[in-house]
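Engineer: Sequence and predicted structure below; questions after.
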Amino acid sequence: MAGRQIGSARLEVVVADITTLRVDAIVNAANSSLLGGGGVDGAIHRAAGPELAAECRTLHGCETGGAKITLGYRLPARHVIHAVGPVWHDGNEGEDQALASCYRSAIELCRSNGLASVAFPAISTGIYRFPADRAARIAVSAVIEALQAAPAIGHVIFCCFSGESARLHEVALAASDRPCAD
């Protein structure tokens, strides 16, 4: 799959099950309760075991656009960063900003916890119905922007569930390399 070097960080796109990745942290596309749900959220909670839900209960939820960190328990990843993405409402309720905030907040948690590698799913593109192409562009640009303040992060993975999602992330990553027209 595609990859790109941004400063000291290698960004890459893979199609994989995020619960199998050996990284310092995987990001969970969580709901505001942080107590598990469907999609990637449910898969992460199942793979991590009941200890993850027990720790999440102590966090008392999370606001949309925010993120909180826990241990990874039975996952190969040492930590789980729970990011709460927005539900899509036709783009008129600050969804773009909230989605970008998820990615920036997760990178900040990596920085503040000394983590060097992180894997992101395509946050909000499942049952929250965020348009996948738009979400991929926001994910890539927000991560690149946030990495400027997190030089110790050496590896970022956009872990996609499907080939189509991976293609959209690859296009966004390639486009981020082009100079902007003024």
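Structural biologist: Nice, I can see it.
Engineer: all contacts plus neighbour counts: C-alpha atoms, from now on.
Structural biologist: OK.
Engineer: Can you pull up the most central residue in the chain?
Structural biologist: Taking Cα atoms, centre = their mean as the criterion, Phe120 is the residue nearest the geometric centre of the chain, at 3.1 Å.
Engineer: so where is this structure shaky, pLDDT-wise?
Structural biologist: 1-2, 178-182 (pLDDT under 70).
Engineer: From Arg57, how far out is Cys160?
Structural biologist: Separation of Cys160 from Arg57 (Cα to Cα, to the nearest Å): 28 Å.
Engineer: who's more crowded, those two?
Structural biologist: Cys160 (23 against 13; other Cα atoms under 10 Å).
Engineer: Wait, that one touches Val14, no?
Structural biologist: Yes - taking Cα atoms under 8 Å as the definition, Cys160 is a contact partner of Val14 at 6.0 Å.
Engineer: Helix, strand, or coil at Glu51?
Structural biologist: Following DSSP: H, G, I helix; E, B strand; the rest coil, we place Glu51 in the helix state.
Engineer: Ignore what I typed, I meant Thr70.
Structural biologist: Per three-state DSSP, Thr70 ends up strand.
Engineer: Now do the contacts for it.
Structural biologist: Listed by Cα atoms under 8 Å, 6 or more residues apart in numbering, the contact set of Thr70 reads 52, 55-56, 79-82.
Engineer: Would you mind checking those for buried ones?
Structural biologist: Buried subset of the contacts of Thr70 (neighbour count, 16 or more other Cα atoms under 10 Å): 52, 56, 79-82.
Engineer: and Ser33, what helix or strand is that in?
Structural biologist: Counting by DSSP states H and E, no helix or strand carries Ser33.
Engineer: Would you confirm that it contacts His60?
Structural biologist: Yes - in terms of Cα under 8 Å, Ser33 counts as a neighbour of His60; the distance is 7.1 Å.
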